[in-house]
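*Asks:* Next come a sequence and a model predicted from it.
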Amino acid sequence: MLIRSRRGWELPESAATPEEVFLNRRGLLKSFLAAPAIAAAGSLIGGPLLAGTAFGQTEIAADDPTAKLYPMPRDERFKLDRAITDPSESTTYTNYYEFGSQKNIWRAAQKLKLRPWTVTFDGMVEREKTVDIDTLLAQMPLQERLYRHRCVEAWSMAVPWSGFPLKALVDFAQPLGSAKYVVMKTFQNPDMASGQRQFWYPWPYVEGLTMAEATNELAFMVTGMYGKPVPKQNGAPLRLAVPWKYGFKSIKSIVSLTFTDQRPVSFWEKIQASEYGFWANVNPEVPHPRWSQAKERVLGTGETVPTQLYNGYGEFVADLYKGLEGERLYL
Ligand SMILES: Nc1nc2c(c(=O)[nH]1)N[C@H]1C(S)=C(S)[C@@H](COP(=O)(O)O)O[C@H]1N2
Ligand SMILES: [Mo]
């Protein structure tokens with residue numbers, strides 16, 4: 001967003017900005033947040049979620065029939081160490097390359113058509129199947145969780161996601177015992193998503209987890225945000241949240257889950273394997289080849305705070321990586 005000749009993805013704001021300006025976020029926000037929607041959010045910077053303020057760009061989409069499922073009961077095991085990010089920030093400052101490589105693509109993302117929407121389960125499963133999303137949701141254990149989110153670009157947010165454990169979806173899929181990975185894909189439709197006309201990207205967006213990661217209790221499938229259906233720009237109608245990994249692992253608008261014994265090569269790994277690997281676990285001590293990961297800019301607060309190993313979720317996930325020390329776990 002600051003350097004237009006480069007893709008925002010490849011250069012975080014912290015690397016694009018002189019450090020003293022970066023730390024003075026209020027001044028920075030005034031001078032750089034030129035997009036009207038984000039500029040309007042500037043007045044809310046500095047406070048936690050304010051009751052009664054405008055709800056960002058999260059109006060429920062007309063073609064989303066799931067409003068009656070919200071709000072979902074909160075699972076209190078997942079605590080935040082910081083305020084919930086104001087929705088006017090987290091719903092207008094997004095990464096969704098299918099709709100463009102800038103942060104302010106939320107308007108373009110309104111073209112996303114939510115119904116009909118099906119999810120296909122294939123590969124190493126008892127029986128391949130394609131299921132309508134509403135039929136699926138009716139069978140899932142729905143709940144809300146408060147999670148942090150850490151983008152590899154060194155910004156972060158804290159949001160109440162609604163949805164269900166990915167483990168419930170894996171159980172529904174009935175994978176064979178020989179499956180080692182689950183591979184998820186985003187829709188492919190360049191007529192709807194103009195970013196997909198940029199043919200040099202390896203569409204569709206693909207991400208993957210090991211079966212142990214996918215069935216870890218922290219891996220969550222998101223259908224909602226802030227007690228409402230998740231906005232299109234944040235990945236409706238079904239996205240992943242794996243908060244101990246960099247944000248690019250949390251794939252949006254999923255249409256299929258494929259079970260396999262081959263490690264998948266994800267979207268960003270295909271583009272730049274030396275910078276975006278399979279594991280991508282958050283670790284402040286392992287820098288991105290072009291910038292530090294030691295700190296993160298907390299969206300909507302003007303603050304920069306230290307980043308934590310596994311984004312603070314080590315008690316849930318550290319065991320997953322015992323014996324894998326030879327792998328590039330943090331890139
Ligand atoms: N299909 C798809 N999923 C995606 C992305 C994307 O461009 N396309 N961006 C990823 C990145 S880099 C991040 S940080 C998060 C951002 O989620 P948010 O926009 O809801 O904050 O989505 C991830 N999932
Ligand atoms: Mo990201």
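*Replies:* Yep, it's here. Numbers count the residues shown, from 1 in each chain. Ligands and ions are numbered 1, 2, ... in the order given.
*Asks:* my read: Tyr246 touches Trp279, true?
*Replies:* No. Look at Tyr246 against Trp279 with Cβ atoms under 8 Å: they stay out of range, at 9.6 Å. Where you see a C-beta, it was placed from the backbone N, CA and C, and this is true even at glycine.
*Asks:* higher neighbour count, the two?
*Replies:* Using other Cβ atoms under 10 Å as the criterion, Tyr246 and Trp279 rank with Tyr246 on top: 26 against 19.
*Asks:* For His288, see how far away that one is.
*Replies:* 9 Å (Cβ to Cβ, to the nearest Å).
*Asks:* what is in contact with those two at once?
*Replies:* The contact sets of Tyr246 and His288 overlap at Val152 (Cβ atoms under 8 Å, 6 or more residues apart in numbering).
*Asks:* Let me see the contact set for the residue of the chain found nearest ligand 1.
*Replies:* Closest approach between the chain and ligand 1, counting by Cβ to the nearest ligand atom: Gly247, at 2.5 Å. Shown in contact with Gly247 (Cβ under 8 Å, 6+ apart): Asn95, His149, Arg150, Cys151, Val152.
*Asks:* Could you do Phe220 as well?
*Replies:* Phe220 neighbours (Cβ under 8 Å, 6+ apart): Arg145, Tyr147, Trp161, Gly163, Phe164, Pro165, Leu166, Leu240, Ala241, Val242.
*Asks:* Pull out the buried residues from those.
*Replies:* Listed as buried from the contacts of Phe220 are Arg145, Tyr147, Trp161, Gly163, Phe164, Pro165, Leu166, Leu240, Ala241, Val242; burial here means 16 or more other Cβ atoms under 10 Å.
*Asks:* contacts with ligand 2 among those, please.
*Replies:* Checked against ligand 2 using Cβ under 5 Å from the ion, those give no members in range.
*Asks:* got JSON lines for these, with distance to Ala138, pLDDT and secondary structure too?
*Replies:* Output for the buried ones among the contacts of Phe220, formatted as JSON lines (distance: Cβ to Cβ, whole Å; pLDDT from 0 to 100; DSSP: H, G, I helix; E, B strand; the rest coil):
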{"residue": "Arg145", "distance to Ala138": "20", "pLDDT": "98", "secondary structure": "strand"}
{"residue": "Tyr147", "distance to Ala138": "24", "pLDDT": "98", "secondary structure": "strand"}
{"residue": "Trp161", "distance to Ala138": "19", "pLDDT": "98", "secondary structure": "strand"}
{"residue": "Gly163", "distance to Ala138": "14", "pLDDT": "98", "secondary structure": "strand"}
{"residue": "Phe164", "distance to Ala138": "11", "pLDDT": "98", "secondary structure": "strand"}
{"residue": "Pro165", "distance to Ala138": "16", "pLDDT": "98", "secondary structure": "strand"}
{"residue": "Leu166", "distance to Ala138": "18", "pLDDT": "99", "secondary structure": "helix"}
{"residue": "Leu240", "distance to Ala138": "20", "pLDDT": "99", "secondary structure": "strand"}
{"residue": "Ala241", "distance to Ala138": "21", "pLDDT": "99", "secondary structure": "strand"}
{"residue": "Val242", "distance to Ala138": "24", "pLDDT": "99", "secondary structure": "coil"}
